[in-house]
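In: would you be able to build a 3D model of this:
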Amino acid sequence: MKVADSIRRKLDQAFRPEHLDVEDESHRHAGHAGARPEGETHFHVTLVSAAFAGVSRIDRQRRVHEILAEELKGPVHALALSLKAPEEAR
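Out: Just a heads-up that it's a prediction; the model follows:
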């Protein structure tokens, strides 16, 4: 299974998002620390979920990092996050 697919599956199960986009940005980091020629090292996740209502930005990030702990220990070198509650996404 591709790393992006694993990220998407785990976040979908954990947060039941209204919107989820997992973008592999590895090509933008070629030659940088942590980059691999095959990619799937640098990601940007945009996630809109009711689970984030009333939750601070830091706690949202902590929750995502807990869910993706395995990926962050291994193949994922960098993870940019845009995490919003539905009312913030309008």
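In: in the protein, which spans are helices?
Out: Taking DSSP state H as the test, the helices found in the chain are 3-15, 57-67, 69-73.
In: among those, which comes closest to R28?
Out: Of all those, helix 3-15 sits nearest to R28, with 14.8 Å by C-beta to C-beta. (C-beta placed from N, C-alpha, C; glycine too.)
In: can you pull the buried residues of that closest one?
Out: When neighbours are counted by 16 or more other C-beta atoms under 10 Å, the buried residues of helix 3-15 are found to be V3, A4, S6, I7, R8, K10, L11, A14, F15.
In: try stretch 43-59
Out: Buried-residue list, stretch 43-59, by 16+ other C-beta under 10 Å: F43, V45, T46, L47, V48, S49, A51, F52.
In: residues contacting that stretch, please?
Out: Contacting residues not belonging to stretch 43-59 are listed as 3-4, 7, 11, 14-26, 60, 63-64, 76, 78-89 [C-beta atoms under 8 Å, 6 or more residues apart in numbering].
In: just the buried ones from those?
Out: Buried by 16+ other C-beta under 10 Å: 3-4, 7, 11, 14-15, 17, 20, 22, 24, 26, 60, 63-64, 76, 78-79, 83-85, out of the contacts of stretch 43-59.
In: what's the end-to-end length of stretch 44-64?
Out: Length of stretch 44-64, first residue to last, C-alpha to C-alpha, to the nearest Å: 12 Å.
In: average pLDDT across it?
Out: Computed over stretch 44-64, the mean pLDDT rounds to 98.
In: starting at the chain centroid, how far to it?
Out: Centroid displacement of stretch 44-64 relative to its chain, using C-alpha atoms, centre = their mean, to the nearest Å, is 10 Å.
In: then stretch 67-76?
Out: Its chain's C-alpha centre and that of stretch 67-76 lie 10 Å apart, by C-alpha atoms, centre = their mean.
In: give the buried residues for that stretch.
Out: Per 16+ other C-beta under 10 Å, stretch 67-76 contains these buried residues: I67, L68, E71, L72, P75, V76.
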